[in-house]
Every structure is written in structure tokens, then in C-alpha cells.
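>>> Got a sequence here, can you build the structure:
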Amino acid sequence: MNQEDIQELSESLMEIGSEAAYRSAISRSYYSAFHAMRSDTNTVDLAKEPSGSHAVVTAKIKARYGKALAKHFHKMKLQRNSADYDLYKRFFEKDAVKMFHDRRSLLEEVATLQADANNQGEG
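Below you'll find the model as predicted:
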């Protein structure tokens with residue numbers, strides 16, 4: 001089981017075509033990114049860890065990749081929270097598609113930064 005398995009489930013939920021499925025797809029897609037980033041940053045040491053696993057991962061992203069990427073991840077978490085808890089708010093297919101895009105762009109940016117760091121280490 002890995003984060004890609006979670007993302008595949010997230011995308012398969014879209015076939016159901018209901019608001020509940022879109023909410024679940026948003027949540028699963030966020031957790032796919034969460035697990036990828038938690039694994040990626042597990043070697044980052046923080047002087048003081050915040051409370052809560054999501055806050056820890058966000059702080060480690062900031063320490064390793066900078067404020068912009070941490071902010072991007074945090075916004076994804078806020079959207080996931082809303083999809084999970086704000087039943088008064090409506091969610092549509094476009095909202096789930098946006099989360100898929102946000103996840104993909106986060107992971108692509110991380111891959112780019114890692115490649116750049118590896119290239120600098122070789123030079």
C-alpha cells in the first residue's frame with residue numbers, strides 16, 4: 001500500500017458522481033499527498049515540533065522546501081477539512097479535480113527541487 005494506491009481510489013470515486021464521492025475524493029487525494037510528504041520529510045529534524053501530525057508534516061515541508069510549498073500543502077489541508085467537516089458547503093466535481101491538480105503540482109514541484117538538489121550535489 002502506498003500513496004499512489006490512495007490516489008487511484010480517489011480518482012475512482014469520481015465515477016460515482018455524487019457530492020459525497022467528490023468530498024471523499026478530495027479527502028483521499030489530500031491523504032495521498034500527506035503520506036507522500038510525510039515519507040519524503042521523515043528525516044527532517046525540527047527544533048520544536050508542533051502538535052499534530054499534519055502540522056508536523058507542514059513544518060517539515062517548510063524546513064526542507066520553503067514557505068511557498070508549505071503554504072500550498074496547508075491550503076490542501078484546509079480544503080480537505082472543509083470537504084470532511086463542512087456539510088453546509090456544497091462540493092462539485094471541479095473541486096475534486098482541483099485537489100487532484102494541487103496534489104500533482106505539489107509532488108511535481110518536490111520532484112523538481114529534489115532533482116535540482118541532486119544536480120548541485122554532482123557539480
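>>> contacting residues around stretch 113-123?
Identification of contacts with stretch 113-123 by C-beta atoms under 8 Å, 6 or more residues apart in numbering yields 65, 69. Glycine gets a C-beta too; all of them are placed from N, C-alpha and C.
>>> What residues sit buried inside it?
Of all the residues in stretch 113-123, not one is buried under the rule 16 or more other C-beta atoms under 10 Å.
>>> who's in contact with residue 92?
Going by C-beta under 8 Å, 6+ apart, residue 92 touches 19, 22.
>>> can you pull the pLDDT of it?
If you check residue 92, the pLDDT there is 98.
>>> right, and residue 22 touches residue 14 too?
Yes: with contact defined as C-beta atoms under 8 Å, residue 22 reaches residue 14; the gap is 7.5 Å.
>>> what residues are shared contacts of these two?
Common contacts of residue 22 and residue 14, defined by C-beta under 8 Å, 6+ apart, comprise 93, 96.
>>> Compare these two (neighbour count), which wins?
More neighbours surround residue 22 than the other of residue 22 and residue 14, with 23 against 15 (other C-beta atoms under 10 Å).
>>> Does that one lie in a helix or a strand, and which?
Assigned by DSSP states H and E, residue 22 belongs to helix 19-40.
>>> Good, we can wrap up now.
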